[in-house]
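Student: next one to model:
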Amino acid sequence: MVNHVTKAVIPAAGLGTRFLPATKAMPKEMLPVVDKPAIQYVVEEAVDAGLHDVLMVTGRNKNALENHFDRNAELEETLIKKGDTDRLEKVNYSTALADLHYVRQGDPKGLGHAVLRAKMHVGREPFAVLLGDDIIDARDELLSKMLDVQNRYNTTVVALMEVPPESIHLYGAAAVEETGEEDVVRITGLVEKPKREDAPSNYAIIGRYILRPEVFDVLERTEPGRGGEIQLTDALESMAQAPDWTGGVYGVVFRGRRYDTGDRLDYIKAIVQLAADREDLGPELRPWLREFADGLADEPEEIVEEMPAEPAEPLESVADTTR
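Tutor: Numbering: from 1, shown residues only. Modelled structure (predicted):
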């Protein structure tokens, strides 16, 4: 079946305050995950699914993103003179990875506003939105399945994961109906960060969406919500309630490996997990990790003085934000 979605939008305008001071001068999307910036994993995911037209919605101090995916003639020439073909290939790979475009968000008015900034580039076509905080393991299928569901049902599709009931308050939760197709559900409602007892399910929204262009019409009429931001979840709720006009909203339940790089601890875990699975790093890293873990069991816990707690941010959900 021919996929008629051709464009991907990657919101990348967040300040990355959770990683200060590392992100004072460097975009959080450029933080390395092993030996690639986090944003490159996301672009690679889009390209692997056949989406070569990529729009990044950026903000101030994000020039490093454009530089990473641009030519660096001086570096290339240096590597050529050294005969370092392996590193030259890696540098050229990121340059030719996709047809990349950029637009500024301007005012930080939330994820819904960032998506709305893509309207001129996308036009009246369905399109994908990939949030950079979530890295989906390349060995596990998600985006391609979402594209297939969108194509067959002509609908908006979001990615869902089952989370422990005690964690659902951290996410947007979806009320769902079965479709008879494995791991494909119809979404009848969305509740943002519900209390455990109020959650319609333990299906949490994670940062992958295939949106019909009607989302732009809905977002333009969506009033700012928490923190004065235009929330994408509010627009999706409206679309789920108007299936005759919008095609409704479906969900694809993901049961593979997902790495959350938006949290400091989970970011460290992501690096360790991905490095341990690498053929060039894993054979030496895994025995060291076992030895290190065994040593921890014999040592008393030390109290480490932490930096002052960072102020709470008015987030829409763990997945639904441009933080």
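
Student: report how many residues lie close to residue 158.
Tutor: 28 (other CB atoms under 10 Å). For the C-beta atoms, the positions are set from N, CA and C on the backbone; glycine is no exception.

Student: who are the neighbours in contact with it?
Tutor: 174, 187, 205, 208, 209, 210, 236, 249, 250, 251, 252 (CB atoms under 8 Å, 6 or more residues apart in numbering).

Student: can you tell me which two in the residues you listed are farthest apart?
Tutor: 174 and 210 (15.0 Å; CB to CB).

Student: can you tell me the SS state at residue 275?
Tutor: helix (DSSP: H, G, I helix; E, B strand; the rest coil).

Student: contacting residues around it?
Tutor: Contacts of residue 275 (CB under 8 Å, 6+ apart): 34, 281, 282, 285.

Student: can you say which helix or strand has the last one in it?
Tutor: So the one you mean is residue 285. helix 282-298 (DSSP states H and E).

Student: may I have that helix as CSV, with CA atoms only?
Tutor: Taking Å, rounded to 0.1, in the frame of the first residue of the first chain, the C-alpha atoms of helix 282-298 are listed here in CSV:
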residue,chain,number,x,y,z
GLY,A,282,29.0,-3.9,24.0
PRO,A,283,31.5,-6.8,24.3
GLU,A,284,33.7,-4.6,26.6
LEU,A,285,31.0,-2.6,28.3
ARG,A,286,28.8,-5.4,29.4
PRO,A,287,31.4,-7.2,31.6
TRP,A,288,32.5,-3.9,33.1
LEU,A,289,28.8,-3.1,33.9
ARG,A,290,28.4,-6.4,35.7
GLU,A,291,31.6,-5.8,37.7
PHE,A,292,30.6,-2.3,38.5
ALA,A,293,27.1,-3.4,39.6
ASP,A,294,28.5,-6.2,41.8
GLY,A,295,30.8,-3.6,43.5
LEU,A,296,27.8,-1.4,44.3
ALA,A,297,26.2,-4.1,46.3
ASP,A,298,29.2,-4.1,48.7
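
Student: returning to what we had before: filter the contacts of residue 275 to the buried ones?
Tutor: residue 285 (16 or more other CB atoms under 10 Å).

Student: please convert the contacts of residue 275 to JSON lines, extending it with pLDDT and distance to residue 200.
Tutor: Output for the contacts of residue 275, formatted as JSON lines (pLDDT from 0 to 100; distance: CB to CB, whole Å):
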{"residue": "34", "pLDDT": "94", "distance to residue 200": "37"}
{"residue": "281", "pLDDT": "95", "distance to residue 200": "42"}
{"residue": "282", "pLDDT": "94", "distance to residue 200": "40"}
{"residue": "285", "pLDDT": "96", "distance to residue 200": "41"}
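
Student: lovely, talk soon.
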